[in-house]
Structures are given as C-alpha cells and as structure tokens.
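Trainee: quick one: sequence and predicted model below, then my questions.
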Amino acid sequence: MLQELEEKKAMLIQKSKEFKENRDKLNREANKLSAKRNELNKKNKLLLKKAQKLKKKRDEYNENVSKYKKKRDRVNKKINKIYKKIDKLRKEKNLSGGPSIHELKKEIDELEFKQQTEVLTPSKERELVVKISALRDELYYKTAELEADEEIKVLLDEAESLREKASYYHEKVNEFADLAQEYHDKMLDIYHEADKVRSESDAMHREFLKALKTADKQHQQYIDAQNEIKDFTILIDGLRRSSREGRQERARAKIRREAQEIYNQFKHGEKLNTEDLMLLQRSGLL
C-alpha cells in the first residue's frame, strides 16, 4: 500500500510541475497579448485624435462655406431686385421684349455649366455651342439697346458689379467646399483605420482573457495538486511511522522473550556471559 501511495504522489508531483509550467507559459502569453492590446489602444487613441483635428478643420471650412453662401445669396437678392427694376423700366419705355438680360445670362451660365460637366456627343455639343452663341448675340444686342437708356445703364452697371462680387463669393464657396470635402474624406479614412485598429485590439483583448482564464485554471489545478501532495505526504509519513513503530515493538518483544529465557536459565543456576547480562539489562529484568 505504501508503494502504491508513493507512486500516486510521484504522479501528482509530475502533474503539478506540468500545471505550473503551463500556467507560467500562459501568463507569459497573456502578458504579450496585453502589451500588444495596449499598443493598439494607444495607436487607436492617436488616430482618433488625428481624426478630431481633421474634423475641426473640416468644420472650419464648412463655416466658411456657409459664410460665403450667405454673402453670395445676399448679393444675388440685390441683383434680382435690380433686374426687376430694369424689367419694369423696359416695359414702361417699350424697349426690347422677350427674355430679360438676367434670364439670358442665367440660361447662358446653365448651358456653359452643362457643356463643362456633362459628356456630350459631338452633335449635341455642336448644338449646344450654337445655342450659347445665339444667346450671347441676343444678350449683346439687348444689352446695347438697354444701355442706350442712361437710367437703365446705371442699373446694368450696378448689377454687373454685383455679379462679379457674387461670382467671387461663389468661387470661395466652391473653394472651401472642396477643402471641406477633402478633410472630410481624410477624416473618414482615419476613422476607418481607427475602427480596424479597434477591432484588432478587441480581438487581442479576447485572446488575452482566454489565456488568462486558462492560466487561472492551470493555477487552480496546480494548487489542488499541491494540496493532494501534502495529503499524500501526511498519509505516507503516518504509515512509515506506524511501520517503524511496529518494527521497534516487535524488536522489543523479541528482546523480552530472549531475556526471559536467559533469566529462566539464570534462575536454574546457569552462568551468564556479558552479552546475556546486557540483554537482561536492556529488557529491564536486571
């Protein structure tokens, strides 16, 4: 039984060693995963900070877009009022009929924008060019006719000056809108990158928790094994002590039996040697 217990204890010691090695290995892995996760979190934080700076710039440009839109719209309102006055005077003075100068300029602007931004077949583009040219001619003659009237000419000059200002504001709107879009796109790219880094960090954190949980399990198994080893040690030591005490008791009984025989011989007159006397002394019979 003692040998069987010692074999089981030896197996537990080996298992305990394996649990400890596995626990330490998993803890080292968890530390590496934790360091990588922290590094990714730091990178994510820097990316978000960068995205916020880009957002701030985008918002500043959008504020400028809004500011110049308001200026452009205010000027366009003034222009519309002036052209209404011109149309009223034109009718009162029976000057050229048909579309107003303002309407002609607006139509020309729209057609030119279409020519610049749309993909047209050669025939469609020629048709568009001819139409724009005809409208320009009409605008030229109508303007010349109206400018002959001093009152209308003053209004036309004022409208043209305001148109230049409105055009400038419109260019600023486009300029800042392009910049706002550029920074918006950059911001989105950074946010997408930050999302990717965050996903990597979350995955790393899950792996970290998994390693930590497994390490804790190995540690608990190590502790349980250590406790079992202690129990086996106590049991084995007890059995050894009992066995040793049994042997000692048997030895003492043997001495007592031998001493009793020698003592009986002594009582019957037999002579005793030194060893016999020492044996009697050890047994307590002398």
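Mentor: Alright, I've got the coordinates. Residues are numbered from 1 along each chain as shown.

Trainee: just the CA coordinates for the helix or strand harbouring Phe113, please, in PDB.
Mentor: Secondary structure from DSSP states H and E places Phe113 in helix 101-117. In PDB, the C-alpha atoms belonging to helix 101-117 read as follows (Å, rounded to 0.1, in the frame of the first residue of the first chain):
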ATOM      1  CA  ILE A 101     -30.900  90.200 -69.600                       C
ATOM      2  CA  HIS A 102     -30.900  88.500 -66.300                       C
ATOM      3  CA  GLU A 103     -32.800  85.500 -67.700                       C
ATOM      4  CA  LEU A 104     -30.400  85.300 -70.700                       C
ATOM      5  CA  LYS A 105     -27.300  85.400 -68.500                       C
ATOM      6  CA  LYS A 106     -28.800  82.800 -66.300                       C
ATOM      7  CA  GLU A 107     -29.600  80.500 -69.200                       C
ATOM      8  CA  ILE A 108     -26.100  81.000 -70.700                       C
ATOM      9  CA  ASP A 109     -24.500  80.100 -67.400                       C
ATOM     10  CA  GLU A 110     -26.500  77.000 -67.100                       C
ATOM     11  CA  LEU A 111     -25.700  75.800 -70.600                       C
ATOM     12  CA  GLU A 112     -22.000  76.600 -70.200                       C
ATOM     13  CA  PHE A 113     -22.000  74.500 -67.000                       C
ATOM     14  CA  LYS A 114     -23.700  71.700 -68.800                       C
ATOM     15  CA  GLN A 115     -21.000  71.900 -71.500                       C
ATOM     16  CA  GLN A 116     -18.200  71.700 -69.000                       C
ATOM     17  CA  THR A 117     -19.600  69.000 -66.700                       C
END
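
Trainee: flag every buried residue along that helix.
Mentor: 101-102, 104-105, 107-108 (16 or more other CB atoms under 10 Å). To be clear about C-beta, it is placed using only N, CA and C from the backbone, and glycine gets the same treatment.

Trainee: reformat the residues you listed as JSON lines; add pLDDT.
Mentor: Listed next are these as JSON lines, based on pLDDT from 0 to 100:
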{"residue": "Ile101", "pLDDT": "76"}
{"residue": "His102", "pLDDT": "77"}
{"residue": "Leu104", "pLDDT": "83"}
{"residue": "Lys105", "pLDDT": "85"}
{"residue": "Glu107", "pLDDT": "88"}
{"residue": "Ile108", "pLDDT": "90"}
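
Trainee: so Glu261 is in which element?
Mentor: Judged by DSSP H and E, Glu261 forms part of helix 150-267.

Trainee: if we can go back for a sec, okay, the angle between the helix holding Phe113 and helix 150-267?
Mentor: On the basis of axes from the mean of the first three to the mean of the last three CA atoms, to 10 degrees, helix 101-117 is oriented at 40 degrees to helix 150-267.

Trainee: which elements pack onto helix 101-117?
Mentor: Packing partners of helix 101-117 (3 or more CB pairs under 8 Å, 6 or more residues apart in numbering; DSSP states H and E): helix 2-92, helix 122-147, helix 150-267.

Trainee: contacts for that helix next, please.
Mentor: Outside of helix 101-117, the residues within contact range by CB atoms under 8 Å, 6 or more residues apart in numbering are 79-80, 83, 86-87, 99, 125, 128-129, 131-132, 135-136, 138-139, 142-143, 146, 156, 159, 163.

Trainee: could you redo the last one with a cut-off of 10 Å?
Mentor: Contacts of helix 101-117 with the rest of the structure, by CB atoms under 10 Å, 6 or more residues apart in numbering, involve 79-80, 82-84, 86-87, 90, 98-100, 120, 124-125, 128-129, 131-133, 135-136, 138-140, 142-143, 145-147, 152, 156, 159-160, 163, 167.

Trainee: for stretch 198-213, same thing?
Mentor: Applying CB under 10 Å, 6+ apart, the contact partners of stretch 198-213 are 25-44, 47-48.

Trainee: any of these buried? List them.
Mentor: 26-27, 29-30, 33-34, 36-37, 40-41, 43-44, 47.
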